[in-house]
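Student: this one's sequence-less:
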């Protein structure tokens, strides 16, 4: 019975795509993937999504990997990418660049049942740094200027705690979460901002699972409030039937193709569900506050 229901669901999505007028203007689609992982890992992880969408939507779907969040934002603005996965900070930045012409369609529910994740600040496991106050005069690595967990959220809360300019010996952008984690493990930086779903699941744990760092090589000294999961987003001005087809395909992914979904989610998601713009309003306001602060310096 379950297989019959899944087949009917998938057939319904395919039938809807086949009759959709959007394909008259879009004979292929490109999906933008930000630098959450290195290019090789990212390609391996998201290739099943492109294959699934190609089958469901009936047009070729390709991936566009980026070495920085800004690359995906620029590609979306130039209409070189049709849908992209934006973290909360990147969504706010892209929305600014596109003049509000950005619409979130769906985002992931974690295996723990949360529709989000947390920014964390990590240090080496053997470090004598135990709390944020201990970072005074130390070095801190951020991931990317358009990363929510890797910059916007931690820098916002550190600023509210009076740990802004002059508190750290230096801060810098590593170019990605993995680079930041490696910088801490290797002693290049005293601390780094990254993300996790829980103590057992996050950026550090994935690197340990792949054998890139030793298990238990770092420890968390700070965790943020919940950040909404990365939004699979499109230009709001795109045809409504194309947006609907993409939304239906993404939210039907886990049920229609659980094997591919497990690869794409890296075992961290239980589902993909619809999401509205209101989920990212706090991030948009944080970005405005950050830009205002920069402008006053």
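Tutor: It's in. Computed from a prediction, not measured in an experiment: that's the story for all the values here.

Student: Would you agree residue 283 is in contact with residue 147?
Tutor: No: judged on CB atoms under 8 Å, residue 283 makes no contact with residue 147 at a distance of 11.2 Å. Every C-beta, even on glycine, is put in place using the N, C-alpha and C of the backbone.

Student: So if I had to pick from the two, which one is more boxed in?
Tutor: residue 147 (30 against 25; other CB atoms under 10 Å).

Student: Need the overlap of contacts for residue 283 and residue 147.
Tutor: Taking CB atoms under 8 Å, 6 or more residues apart in numbering as the criterion, residue 283 and residue 147 both touch residue 89.

Student: In the helix ranked longest in the chain, which residues are buried?
Tutor: Identified as the longest helix of the chain according to DSSP state H is helix 39-57. By 16 or more other CB atoms under 10 Å, the buried positions in helix 39-57 come out as 41, 42, 45, 46, 48, 49, 50, 52, 53, 55, 56, 57.

Student: Summarise which helices and strands it is packed against.
Tutor: helix 2-18, strand 29-33, strand 61-65, helix 240-251, helix 253-256, helix 258-265 (3 or more CB pairs under 8 Å, 6 or more residues apart in numbering; DSSP states H and E).

Student: change it to 6 Å
Tutor: Applying 3 or more CB pairs under 6 Å, 6 or more residues apart in numbering; DSSP states H and E, we find helix 39-57 packed against helix 2-18, strand 61-65, helix 240-251, helix 258-265.

Student: rank these by mean pLDDT and give me the bottom one.
Tutor: Among the helices and strands packed on helix 39-57, helix 2-18 carries the lowest mean pLDDT, a mean of 52.

Student: for the buried residues of helix 39-57, which one is nearest residue 221?
Tutor: residue 41 (26.7 Å; CB to CB).

Student: Could you pull up the residues touching that closest one?
Tutor: Listed by CB atoms under 6 Å, 6 or more residues apart in numbering, residue 41 has no contact partners.

Student: do you know how far residue 119 is from residue 88?
Tutor: Separation of residue 119 from residue 88 (CB to CB, to the nearest Å): 10 Å.

Student: actually residue 193, sorry about that
Tutor: For residue 193 relative to residue 88 (CB to CB), the value is 14 Å.

Student: Where do the strands of the stretch 101-250 of the chain begin and end?
Tutor: Shown for the stretch 101-250 of the chain, the strands assigned by DSSP state E, counting those that start in this stretch span residues 103-110, 116-124, 139-142, 170-173, 191-198, 201-202, 218-223, 227-228, 231-234.

Student: Residue 254 is nearest to which of these?
Tutor: Across the strands of the stretch 101-250 of the chain, residue 254 has its closest neighbour in strand 103-110 (9.1 Å, CB to CB).

Student: thinking residue 269 is in contact with residue 108, fair?
Tutor: Yes: Residue 269 is within contact range of residue 108, at 4.2 Å (criterion: CB atoms under 6 Å).

Student: Which one's more surrounded, the two?
Tutor: A count of neighbours by other CB under 10 Å puts residue 108 above the other of residue 269 and residue 108, at 27 against 19.

Student: The more buried one touches residue 271, doesn't it?
Tutor: No: contact criterion CB under 6 Å: residue 108 and residue 271 do not qualify, at 7.3 Å.

Student: Can you give me the neighbour number for the closest residue to residue 187 other than its chain neighbours?
Tutor: For residue 187, ignoring the flanking residues on the chain, the nearest one in space by CB to CB, 6 or more residues apart in numbering is residue 124 at 7.2 Å. By other CB under 10 Å, the residues close to residue 124 number 18.

Student: what's across from residue 121 in the sheet?
Tutor: Judged by DSSP bridges, the bridge partners of residue 121 are residue 193, residue 222.

Student: how about residue 250, what does it touch?
Tutor: Contacts of residue 250 by CB under 6 Å, 6+ apart are 106, 232, 272.

Student: which one of the residues you listed is nearest residue 288?
Tutor: Nearest member of these to residue 288, counting by CB to CB, is residue 232, at 23.6 Å.

Student: hang on, that closest one packs against residue 105?
Tutor: Yes: counting by CB under 6 Å, residue 105 is a contact partner of residue 232 at 5.2 Å.
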